[in-house]
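# quick one, fold the following:
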Amino acid sequence: MNAAMPSAPPPAKLSEAMAARRTPEMLRARRILVWRERLTSLWAPLCIIGLMYVPYTVLIEYSRASATWAQPLMKGLGLLMVLYFVALLVWRNVSPKEKALRGARHEATELLEENERILGKPGVNAKVPADVQARIAEQALRVEQASAEGAVEQLRAEVKTLEGLTAQHLGAFRKQSAMDFIGGFGKAVLVALVIRTFIVEPYRIPSGSMLPTLEIGDQVFVNKFIYGVRIPFLNVVPFVIVRPPERGDVIVFNNPVNESVDYIKRVVGVPGDVVEFINGVVHINGQPQPRQLVSGDFTVHNITDDGRWFDQQETLYEEDLSGVTHAALQTLSRMPRHEGPYEVPPGHVFAVGDNRDNSADSRHGLGVTGAGRAEYVPYGHIKGKAMVVWLSLGYHGLLHNLFGGTGLRVDRFFQPVR
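Purely as a prediction, here's the structure:
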């Protein structure tokens, strides 16, 4: 007589038990539901922009001419996503059925996730009988099916039944431990820290020191990894990932003489360079950097400390800094005849604002130690390279009449930082 074969142990996770019981029709309905939830989430427009942002920044960084057609495409996509977001917001709050269904689905999702967490704990699987686990899995599938069909009352009834099973058979395990909470919260914090520390970080332009390249209210994304992984607080970069800072780069850095603030400036000198300004012209190692006059009466918009906009008349030049062409402003009446020479030490850069006579930069003690005293920016204080303007709340944008002259500057969307 053959001994009976031992039955296979039940799946350790609720999701595995549900997957084993789904029919092809149920699987298809679930996939449709998942995509529906993704596309109707308020995060969907932001995620789409985020996915397109990565190839866009790579493209405009390594093929600068491509910005002429890539930026209008991204700007159009950005406006489309704004409309998408507004439409979702209106629909989700105006449609009574959608509001009720979304609430019921949220309750169902939380209950399913709770059951998944409990049954996935070490030791719980052995304490809960196999037939009970099977009943919970079957009821969880009924909840999933009602959610896919969009039947609000049926979904609520199925959730209530699953809640009863959970309370009856898993009640002793429902209390979430402090470690469970800390673990979930810690993971979210860790992801956010990794992104902001090593990948990308937003930075808002607070002043006019980089006019006209960057306008007050521009929000830029900063590439955190191009120069290497910077260890915060220690202010060291153990190794370079792509390349070190180069002349012409627009960088965000923690002010080494006042670490409570971050600055954004353009790199003019790299280690070993001797930098001088003679009649406003940048000289590097004795070589004048070409520049040409664009306008002798150029208007930019600056802002006072109390938030009032005012016009500033400057002379606009186009400057070529070691092959990087960019705009620069000069106040001819204030222009000193000679600044420097400044010799850049190893492991540092010399950083200057594009608004040359309205910038607290390396020539002027980085706004702390005063004019006439050079201050250099150590590599370890550089947070990253400014890549693109992703949002702008600046002078005379949309709805500016409601906010003291400040509005949404659609024309600045996805502007490359040159």
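# in this protein, what spans have low per-residue confidence?
Applying pLDDT under 70 to the chain picks out residues 1-12, 176-185, 334-335, 371.
# how is it divided into domains?
Taking automatic domain parsing as the criterion, the chain consists of the domains 14-173, 201-416.
# for residue 189, find the nearest of those domains.
Judged by Cβ to Cβ, the one of these that comes nearest to residue 189 is domain 201-416, at 14.4 Å. From N, CA and C alone the C-beta is placed, and that goes for glycine too.
# flag every buried residue along the lengthiest helix in the chain.
Among the elements of the chain assigned as helix by DSSP state H, the one spanning the most residues is helix 67-94. Buried positions in helix 67-94, judged by neighbour count with 16 or more other Cβ atoms under 10 Å: 67, 70, 71, 74, 75, 77, 78, 81, 84, 85, 88.
# which of these lies closest to residue 379?
Closest to residue 379 out of these is residue 67 (27.9 Å), distances taken as Cβ to Cβ.
# so where do the strands sit in the stretch 251-400 of the chain?
When assigned using DSSP state E, counting those that start in this stretch, the strands of the stretch 251-400 of the chain occupy the ranges 262-269, 274-278, 281-284, 287-288, 291-303, 309-321, 324-330, 338-343, 348-352, 377-378, 382-395.
# tell me the strands beside the longest one, with direction?
Okay, so that is strand 382-395. Taking DSSP bridges as the criterion, strand 382-395 sits next to strand 218-223 (antiparallel), strand 250-254 (antiparallel), strand 406-408 (antiparallel), strand 415-416 (antiparallel) in its sheet.
# reformat those as JSON lines; add mean neighbour count and distance to residue 133.
Output for those, formatted as JSON lines (neighbours: other Cβ atoms under 10 Å; distance: least, Cβ to Cβ, whole Å):
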{"stretch": "strand 218-223", "mean neighbour count": "22", "distance to residue 133": "47"}
{"stretch": "strand 250-254", "mean neighbour count": "22", "distance to residue 133": "53"}
{"stretch": "strand 406-408", "mean neighbour count": "19", "distance to residue 133": "53"}
{"stretch": "strand 415-416", "mean neighbour count": "20", "distance to residue 133": "56"}
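# would you list the ones you listed in TSV and tack on distance to residue 262?
Formatted as TSV, the entries for the strands paired with strand 382-395 read as follows, by distance: least, Cβ to Cβ, whole Å:
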stretch	distance to residue 262
strand 218-223	10
strand 250-254	6
strand 406-408	21
strand 415-416	20
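# closest to residue 399 out of those?
Once Cβ to Cβ is applied to the strands paired with strand 382-395, the stretch that comes out nearest is strand 406-408, at 4.8 Å.
# so what's the gap between that closest one and the chain middle?
Averaged C-alpha coordinates place strand 406-408 at 21 Å from its chain's average position (Cα atoms, centre = their mean, to the nearest Å).
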